[in-house]
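# dropping the sequence and predicted coords here.
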Amino acid sequence: MANRQDSHHHAHIVGWGMAVPDHVLTNGELTALVDTSDEWIRQRTGIAERHIAAEGETTSNLSLRAAQAALEVADLDPSHLDLIIVATVTPDHIFPATACLVQDALGAKKAAAFDLSAGCSGFVYSLSLAADLLAADRYRNALVIGAETLSRITDWTDRSTCVLFGDGAGAVVLQASYASGGILSSVLGADGSGGDLLILPAGGSAHPATAETVSNRQHFIQMQGQQVFRFATRIIAEASRQVLDQAGLKVEDVSLFVPHQANDRIIQAAARALGVSEDRVFSNLEHYGNTSAASIPIALCEAIEQGKVKRDDLIVCAGFGAGLTWAATAIRWSLPLPVPAPSRRMTVWRWLHYRWARYRSWWRRLWRKIDAHLFQILYDQDGRRKRRGRDV
Ligand code: ACO
């Protein structure tokens with residue numbers, strides 16, 4: 001980590017990982033579902049293929065795999081995690097939070113856990129929040145995940161949306177340290193007047209699920225693509241400039257932009273507006289499509305893997321999405337790369353820990369049943385201890 005020490009804490013990314021489903025759906029295969037073509041999708045979006053979750057593969061499964069990979073890089077014991085945030089618009093359930101399912105599966109027994117919903121900006125929102133909590137000395141280790149199974153809320157009969165989305169998860173481990181660098185600044189924003197431009201209309205309190213909402217296809221993503229497009233091209237450049245201003249830096253200082261991967265034309269327009277050359281903008285949209293909250297952490301993982309990140313580099317991540325929301329963060333990369341392999345002892349320990357976590361979860365469920373049974377025997381309806389023998 002960077003040598004310079006400050007008198008207060010900074011949040012540093014010390015681990016990262018990603019997970020995508022094995023199944024790949026190509027543009028060619030989509031032509032069998034809707035009236036579209038490989039040429040149209042590539043030209044208008046830059047997408048060639050996307051990963052689609054298999055039956056039984058969920059947002060929590062993908063989150064868990066990405067989290068385990070990130071903990072491996074960080075070489076961290078999962079029980080040392082203080083906080084888990086899952087940014088998602090496709091949680092396993094409306095409640096409990098997907099973060100709680102991940103917390104249980106990781107055996108992160110002292111971690112607080114919750115989901116954050118900010119559309120495609122969710123990961124940067126979560127990263128910023130976790131970084132502030134670490135900088136405020138509230139926590140030492142946080143796990144921030146962006147994960148989606150958008151295929152579950154995609155209308156596979158609507159060609160204007162179904163060609164865009166994919167499934168996946170990306171995670172980072174944040175650690176508090178006195179070393180300077182790490183997350184330097186963040187900008188978060190929202191404009192709820194655009195909420196209807198990108199919406200899952202039913203399933204919430206406004207339109208609970210009914211036979212009618214199902215037959216009207218209101219449980220699928222609805223989007224005004226062109227309006228979102230216009231908003232996105234403006235806001236990525238604006239938020240990136242603001243976050244750099246806040247950190248006292250300039251566009252020229254940035255080594256790599258990692259924008260939300262929604263559409264190559266949006267990425268290029270934002271790069272032009274910022275005056276950044278293509279080689280400083282990361283894009284992997286071609287192979288994943290738009291994975292919403294997962295897109296930035298997946299892109300960050302691949303940028304690191306491809307050697308595009310070095311110690312002391314300045315990275316700017318910027319996202320936009322449903323809400324409407326936007327978020328940008330400036331990161332001074334503080335870890336030397338490549339990271340040394342995790343210690344064998346810790347890898348074995350984590351392997352054992354995950355198995356123990358499964359047993360622990362099973363035991364806690366069982367104990368809850370036994371406890372409920374004992375309670376019924378020993379206590380009355382008002383929670384008062386039942387008396388032995390007969391009242392006189
Ligand atoms: N295949 C072939 N033709 C298509 C398809 C398709 N898949 N989709 C639309 N078309 C047609 C339209 O019907 C229209 O035909 P018409 O001229 O005969 O009416 C024509 O192509 C042009 O349609 P537009 O909507 O104007 O196409 P545009 O160039 O705007 O591209 C797109 C559409 C790709 C959706 C673009 O607007 C976009 O990327 N918007 C931003 C989306 C986004 O970034 N969402 C992010 C948030 S996701 C989240 O938060 C979960």
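Received the coordinates, thanks. Remember, it's a predicted structure, so these values are computed and weren't measured experimentally.
# what sits against Thr210?
Residues near Thr210 by Cβ atoms under 8 Å, 6 or more residues apart in numbering: Ala202. Glycine gets a C-beta too; all of them are placed from N, C-alpha and C.
# any idea how far Thr157 is from it?
20 Å (Cβ to Cβ, to the nearest Å).
# you'd agree Pro208 is up against Ala202?
Yes: at 7.4 Å, Pro208 counts as touching Ala202 under the criterion of Cβ atoms under 8 Å.
# return the list of helices and strands in contact with the longest helix out of those in the chain.
Longest among the helix segments of the chain by residue count, using DSSP state H, is helix 344-378. Packing partners of helix 344-378 (3 or more Cβ pairs under 8 Å, 6 or more residues apart in numbering; DSSP states H and E): helix 59-74, helix 98-106.
# for that helix, what is the average pLDDT?
Computed over helix 344-378, the mean pLDDT rounds to 94.
# stretch 288-300 too?
Mean predicted confidence for stretch 288-300 is 98.
# where does the stretch 151-300 of the chain come near the ligand, residue by residue?
159-160, 163, 198, 225-226, 228-229, 232, 262-263, 266, 290, 292 (Cβ under 6 Å from any ligand atom).
# and for the stretch 1-150 of the chain?
Thr36, Trp40, Ile41, Arg44, Thr45, Val89, Gly119, Cys120.
# excluding chain neighbours, what is closest to Gln227?
Leu197 (5.1 Å; Cβ to Cβ, 6 or more residues apart in numbering).
# what number of residues lie near that neighbour?
Look at Leu197: counted by other Cβ atoms under 10 Å, it has 18 neighbours.
# low-confidence ranges, the stretch 201-350 of the chain, go.
Across the stretch 201-350 of the chain, nothing is flagged by pLDDT under 70.
# what segments of it are helices?
For the stretch 201-350 of the chain, applying DSSP state H, counting those that start in this stretch gives helices covering 211-215, 225-246, 264-274, 285-288, 295-305, 344-378.
# out of the ones you listed, which comes closest to His8?
helix 225-246 (16.8 Å; Cβ to Cβ).
# what's the angle from that closest one to helix 264-274?
40 degrees (axes from the mean of the first three to the mean of the last three Cα atoms, to 10 degrees).
# for helix 225-246, name the packing helices and strands.
In terms of contacts (3+ Cβ pairs under 8 Å, 6+ apart), helix 225-246 is packed against strand 182-190, helix 264-274, strand 314-321, strand 325-332.
# in the second one, which residues are buried?
What that stands for is helix 264-274. Buried residues in helix 264-274, counting neighbours by 16 or more other Cβ atoms under 10 Å, are found at Asp264, Ile266, Ile267, Ala269, Ala270, Ala271, Leu274.
# Ala372 versus the first one, what's the distance?
So the one you mean is Asp264. Noted for Asp264: a distance of 55 Å to Ala372, by Cβ to Cβ.
# so which residue of the stretch 101-250 of the chain comes closest to the ligand?
Gly225 (3.0 Å; Cβ to the nearest ligand atom).
# could you give the number of residues near that residue?
Using other Cβ under 10 Å, Gly225 has 15 other residues around it.
# what do you get for Val73?
22.
# quick check, it in contact with Gly17.
Yes: between Val73 and Gly17 there is a contact under Cβ under 8 Å: 6.4 Å.
# what sits closest to Ala67 if chain neighbours are left out?
Leaving aside its sequence neighbours, Ala67 sits nearest to Ala171 (Cβ to Cβ, 6+ apart; 4.7 Å).
# what about Ser7, neighbour count?
Quick note: Ser7 (other Cβ under 10 Å) scores 5 neighbours.
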